[in-house]
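>>> sharing a model that was predicted from the sequence below.
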Amino acid sequence: MKKILFISAVSLLSCNRSAQQTHPPVGGVLSQKDLDVSKNRMRNLNSQERSQIQEWANAQPVKYYTTQLNYWVTAENFDKRERRPDNSTISYSYDLYDFDQTKIYDQSFERRDAKFGHFDELKAVENALRFIHDGEEVTLLVPSSLAYGTYGDEKKIDNDIPLIIKLKAL
């Protein structure tokens, strides 16, 4: 018992208290400084990704147009179209690709009769579904902040990965 207490005491004393905290404790709150660091990191990452996506889009044979929400789409004046109202339904499917144009998941994501305001989807997908016409297929170029962000999907998509999304209204 004395050995366990001694080892515990030595372990506690040898802890480095000057190490920076990278994540708040579970249920904890970030300080304003931590929030500012995180905000600046995301602003810089978004700026860098937007530049890289624009460069990639310029090299493609298909024309991409920017939207007000900060993603690109293959339809001109896309987010100037009539917007679908809340509680209307839509059926759709989409595939996810990385910027090497490698399909990430073999199976398409598909939803039938989803009701706006009552489903949780990637921000860019939900926004694009508001403007897409029935039967139309568009390609979205999405920065990571509008995709799976700093956490990824905890399966095949890592953190901070921009995506190509091929979306179709069924």
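Cool, the structure landed.

>>> check contacts around the closest residue to Ile161 other than its chain neighbours.
With sequence-adjacent residues excluded and distances taken as CB to CB, 6 or more residues apart in numbering, Ile161 is closest to Ser144, at 5.5 Å. C-beta coordinates here come from the backbone N, C-alpha and C atoms, glycine included. Contacts for Ser144 were tallied using CB atoms under 8 Å, 6 or more residues apart in numbering; they are 45-46, 49, 150, 159-163.

>>> which of those fall in strands?
Those of the contacts of Ser144 mapping onto strands are Leu163, per DSSP state E.

>>> so Leu141 is in which element?
Counting by DSSP states H and E, the element that carries Leu141 is strand 137-142.

>>> list the buried ones in that strand?
For strand 137-142, burial by neighbour count (16 or more other CB atoms under 10 Å) applies to 138-142.

>>> stretch 89-108 now?
When neighbours are counted by 16+ other CB under 10 Å, the buried residues of stretch 89-108 are found to be 90, 92-97.

>>> need the buried ones from the contacts of Ser144 selected in ChimeraX.
For the buried members of the contacts of Ser144, the matching ChimeraX selection, counting by 16+ other CB under 10 Å, is:
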select :45,46,49,160,161,162,163
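
>>> what sits against the residue nearest the centre of the chain?
In the chain, the residue lying closest to the centroid (CA atoms, centre = their mean) is Ala147, at 1.7 Å. Taking CB under 8 Å, 6+ apart as the definition of contact, the neighbours of Ala147 are 122, 124, 157, 161-163, 165.
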